[in-house]
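>>> pasting the sequence and the predicted model now:
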Amino acid sequence: MRLIATAPAGQNFITCDWTEQGDAIVARTTGNFNFNSQIYILNGEGVVLQRVIDDELGSLGGAEFSINGNYLLYTQDVSGFESADGRQLNARIFMYDLTTFTTTDLSTGKPAGTNDLDAHFSPDGSRVIFVNTNNDGISPKDIYVLEIDDTVLNKRTLLFENAEMPEWR
């Protein structure tokens, strides 16, 4: 084990993912508050290659590579609301294309007043598993799967009610 990177001053690494496709690391940092976040791409030696998301209004979540290393998956509260307790009002799932530098909102079918959170690519990259919950911060959470191919973009299917922390196995 060896140290390859140190977070910027005032920030801590909160999540990271590695892809052998190009030997790259995606890392999300956070500061004193949940809404002070950034997403970086680093090489295998820990050198920052790109800042994908700067500290924008609203909280960020996740940061995960697709199986082919061409896409990043993350969540962001687009409401602009920033609360010290971490409450989010309109968190959505985004897929960032590392080859075209474009972002696709995968939450176009999200019910109003809810948050899409904790998103993960399926092992084959064709779906995303995630949590959807009311933005009140106390309602039950449900796990959904979302197909992301071109023909059925944003077809949501409920998998489990009153559940959280989805992961593919």
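On my side now, so go ahead.
>>> tell me what the closest residue to Pro8 other than its chain neighbours is bridged to.
Excluding the flanking residues, the one nearest Pro8 by Cβ to Cβ, 6 or more residues apart in numbering is Thr29, at 6.5 Å. All C-beta spots, glycine's among them, are computed from the backbone N, C-alpha and C. Following DSSP bridges, Thr29 is listed with bridge partners Phe13, Gln38.
>>> same question, Asp142
Asn132.
>>> surely it and Arg156 touch.
No: here Asp142 does not reach Arg156: they are 10.1 Å apart, not a contact under Cβ atoms under 8 Å.
>>> which neighbours do those two share?
Asn132 (Cβ atoms under 8 Å, 6 or more residues apart in numbering).
>>> just name the shakiest helix or strand of the protein by mean pLDDT.
strand 48-53 (a mean of 86; mean pLDDT, DSSP states H and E).
>>> show me what that one is packed up against.
strand 37-43, strand 71-77 (3 or more Cβ pairs under 8 Å, 6 or more residues apart in numbering; DSSP states H and E).
>>> let me see the contact set for the residue nearest the centre of the chain.
With distances taken as Cα atoms, centre = their mean, Tyr74 lies nearest the centre of the chain, 1.7 Å away. Tyr74 sits next to 28, 39, 53, 60-64, 93-94, 96, 119 when contact means Cβ under 8 Å, 6+ apart.
>>> which of those residues sits closest to Phe130?
Distance to Phe130 across these (Cβ to Cβ) is lowest for Ala119, with 4.1 Å.
>>> please name the nearest non-neighbouring residue to that closest one.
In space, Ala119 is closest to Phe130, 4.1 Å off (Cβ to Cβ, 6+ apart).
>>> ok, the one you found touching Leu117?
Yes: with contacts counted by Cβ under 8 Å, Phe130 reaches Leu117, the gap being 6.5 Å.
>>> so for those two, which sits in the more crowded spot?
Phe130 (28 against 21; other Cβ atoms under 10 Å).
>>> run through the neighbouring helices and strands of the helix or strand hosting that one.
Using DSSP states H and E, Phe130 maps to strand 127-134. With contacts defined as 3+ Cβ pairs under 8 Å, 6+ apart, strand 127-134 has these neighbours: strand 114-121, strand 141-147.
>>> note down every partner strand of the first one and its orientation.
Think strand 114-121. Assessed with DSSP bridges, strand 114-121 is paired to strand 127-134 (antiparallel).
>>> starting at the chain centroid, how far to the strand it pairs with?
Put simply, strand 127-134 sits 11 Å off its chain's centre (Cα atoms, centre = their mean, to the nearest Å).
>>> got it, and stretch 45-63?
For stretch 45-63, the distance to the chain centre is 10 Å (Cα atoms, centre = their mean).
>>> thank you kindly, that will do.
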